[in-house]
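Participant: Could you work out the structure for the sequence below:
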Amino acid sequence: MIVCVCKSVSDRTIRASVAEGMDSFDELQFELGVATCCGKCEETVREVMAQSGACATRCGVSHAHPAVMPQAVPLTFYERKAA
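Facilitator: So this is what the prediction gives:
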């Protein structure tokens with residue numbers, strides 16, 4: 001999947017870079033150019049790095065797993081009646 005559209009960087013490229021020893025976001029940003037144009041990919045890049053085994057303190061992500069979906073809140077619907 002393409003993570004950084006501006007620079008055409010995929011998650012595979014990020015994972016390969018982490019496997020080759022790039023373990024900080026700054027290194028990845030310098031080498032691949034991710035999050036240097038619009039910046040919308042930064043969070044996803046950091047998550048891919050964390051999932052790939054990069055140290056959480058170096059990539060800036062506090063968890064290595066995708067966020068857990070919040071519990072569904074029951075909704076109550078009220079029927080509105082004409083006066």
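
Participant: where are the low-confidence patches of this protein?
Facilitator: For the chain, the stretches with pLDDT under 70 are 55-73, 75-78, 83.

Participant: Strands along that one, start to end?
Facilitator: Under the criterion DSSP state E, strands of the chain are mapped to 2-4, 9-10.

Participant: who does the longest one pair up with?
Facilitator: Taking DSSP bridges as the criterion, strand 2-4 pairs within the sheet with strand 9-10 (antiparallel).

Participant: which outside residues touch the partner strand?
Facilitator: The contact list for strand 9-10, computed with C-beta atoms under 8 Å, 6 or more residues apart in numbering, reads 1-3, 32-34, 41, 45. The way it works is simple: take the backbone N, C-alpha and C, and place the C-beta from them, glycine included.

Participant: now do 6 Å
Facilitator: For strand 9-10, the surrounding residues in contact (C-beta atoms under 6 Å, 6 or more residues apart in numbering) are 2-3, 32, 34.

Participant: how far out from the middle of the chain is stretch 11-26?
Facilitator: Here stretch 11-26 shows a centroid-to-chain-centroid distance of 13 Å under the convention C-alpha atoms, centre = their mean, to the nearest Å.

Participant: got the buried residues for it?
Facilitator: Neighbour-count burial for stretch 11-26 flags 11, 13-15, 17-18, 22-25 (criterion: 16 or more other C-beta atoms under 10 Å).
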